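Colleague: Model the structure of this input:
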Amino acid sequence: MSSILTYPAAFLLYLLIGWIFWRNTWSQAAANANDHPQSIITQAQYAMLIPLMLHAVTLYQSMFVDAGLSFGLSTAVSSIVWLTAFIYWFSGFFNRLRGLQTLVAPVAAAAAIAVLLPLFFPSLRPLANTELPAFKAHLLVAMMAYSLLTIAALHALLMTVVERHLHHPGSHSILNNLPPLLAMEKLLFNIIWIGFVLLTLTLLSGIVFSKEVFGQSLTFTHKTLFGFISWGVFAALLAGRQFYGWRGRIAIRWTLAGFITLLLAYIGSKFVLEIVLNRY
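Modeller: Residues are numbered from 1 along each chain as shown. Take a look at the predicted model:
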C-alpha cells in the first residue's frame, strides 16, 4: 500500500512546486518581473528534490520486478522525463542558468504526468538478457542521451519564443528574465555536444550488446535505422556549426529534426510494438 502511495505523493508535490514557481514567476511577471520573492523560489528549488526522489522510487518499483527488468513504453517515458527534470533542476543552482528557472513550472507539470504512467500502464513482461553488462551500459547511456537531447529540443523551442519576443517587446515580460539569446544559443550547442557524445556511445554499446546476444553487430530494425538517422542529423548540425557558423533558425530546425527522429527511434518503435501490435 505504501509503495502505491508514492505515486500520488510525487504527483501532488510536483504540482505544488510547479504552482509555486508559476505564482512567483509567470503570474506576477505582468506586474513586475522583479516582484517575486527570490527566497520562495530558492526554497521551492530545494523542495523539488523531494518529488524527484519519490519519482526515482516509483521508477525502481516499476522497473525491477522480481528478478527481471521491466522497461516498457510508460517506464521509458517516465524515466526520460525524470532525468530531464533532474538535469534541469540541478542546472538551476548555477548562477548563469538561474534565469531558466522560469521553466520549472511546465517541467514539473510534465513530470507529474509522467510519474503516474507506470502505475496506470505497467510493463507486462520483463526484458530478456538484462543481466548482461553491455545491456546495462547501453540502457544507462541511452536514457542520459535521450534526456539531454530532450532538453536541447525544449531549449530550441524556447529560443524560438524568445526570438519572436525580440520583435514584439513587452508582450511577454516573463521572457525578460531569461538569459540573452546568444548565451542561450551557446548553451544549446553545449547540451547538443554532450548529448551527441552520449548518443554515439548509445549506438556503440548497442552494437556491442547485439554482438553479445545475437552474434552480429547490427540488427536492422526501425529503432536502429532512426537512431542512426538521428545521429547523422546531429552530426550534420555540429559540423554546420563548426564549419559554416550555423545558428539561429537553422540550428533550431536541425535540433528539432534530430530530436523528432530520435523520438521515432525508441519511443515511436515501442509505441507501435506495445500499443499497436501488442508485442513486447
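
Colleague: Please parse this structure into its domains.
Modeller: 1-126, 128-280 (automatic domain parsing).

Colleague: how about those in a markdown table, adding mean neighbour count and mean pLDDT?
Modeller: C-betas here are computed from N, CA, C, even on glycine. Written out in a markdown table, the entries for the domains of the chain read as follows (neighbours: other Cβ atoms under 10 Å; pLDDT from 0 to 100):
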| stretch | mean neighbour count | mean pLDDT |
| --- | --- | --- |
| domain 1-126 | 18 | 79 |
| domain 128-280 | 17 | 80 |
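
Colleague: what's the following helix or strand after the helix or strand where Leu149 lies?
Modeller: Leu149 belongs to helix 133-167 when elements are defined using DSSP states H and E. If you walk from helix 133-167 toward the C-terminus, the next helix or strand you reach (DSSP H and E) is helix 181-214.

Colleague: following that following helix, which helix or strand shows up next?
Modeller: Using DSSP H and E, the helix or strand that follows helix 181-214 in sequence is helix 222-244.

Colleague: What is the subsequent helix or strand relative to that next one?
Modeller: Scanning forward in sequence from helix 222-244 by DSSP H and E, the next helix or strand is helix 248-263.

Colleague: show me what contacts Leu203?
Modeller: By Cβ atoms under 8 Å, 6 or more residues apart in numbering, Leu203 lies in contact with Gly227, Phe228, Trp231.

Colleague: Can you name the residues that contact the last one?
Modeller: What it means is Trp231. When contacts are counted by Cβ under 8 Å, 6+ apart, Trp231 touches Phe196, Leu199, Thr200, Leu203.

Colleague: Apart from its chain neighbours, what residue comes closest to the first one?
Modeller: Looking back up the chat, that one is Phe196. Ranked by Cβ to Cβ, 6 or more residues apart in numbering and with sequence neighbours excluded, the top spatial neighbour of Phe196 is Phe234, at 4.8 Å.

Colleague: Please list all residues in contact with the one you found.
Modeller: Going by Cβ under 8 Å, 6+ apart, Phe234 touches Leu149, Ile192, Gly195, Phe196, Leu199, Trp254, Gly258.

Colleague: so which of the contacts of Trp231 would you say is closest to Val77?
Modeller: Within the set of these, Leu199 lies nearest Val77; the separation is 18.0 Å, counting by Cβ to Cβ.

Colleague: Please report how far that closest one lies from Phe226.
Modeller: Summarising the geometry, the distance separating Leu199 from Phe226, computed by Cβ to Cβ, to the nearest Å, is 12 Å.

Colleague: Overlap in contacts, the two.
Modeller: Shared contacts of Leu199 and Phe226, counting by Cβ under 8 Å, 6+ apart, come down to Leu262.

Colleague: Format the contacts of Trp231 as a markdown table; extra columns: distance to Pro51.
Modeller: As requested, these are arranged in a markdown table below (distance: Cβ to Cβ, whole Å):
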| residue | distance to Pro51 |
| --- | --- |
| Phe196 | 30 |
| Leu199 | 28 |
| Thr200 | 32 |
| Leu203 | 33 |
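
Colleague: For the residues you listed, work out which two are farthest apart.
Modeller: Pairwise distances across the contacts of Trp231 (Cβ to Cβ) peak at 10.8 Å, for the pair Phe196 and Leu203.
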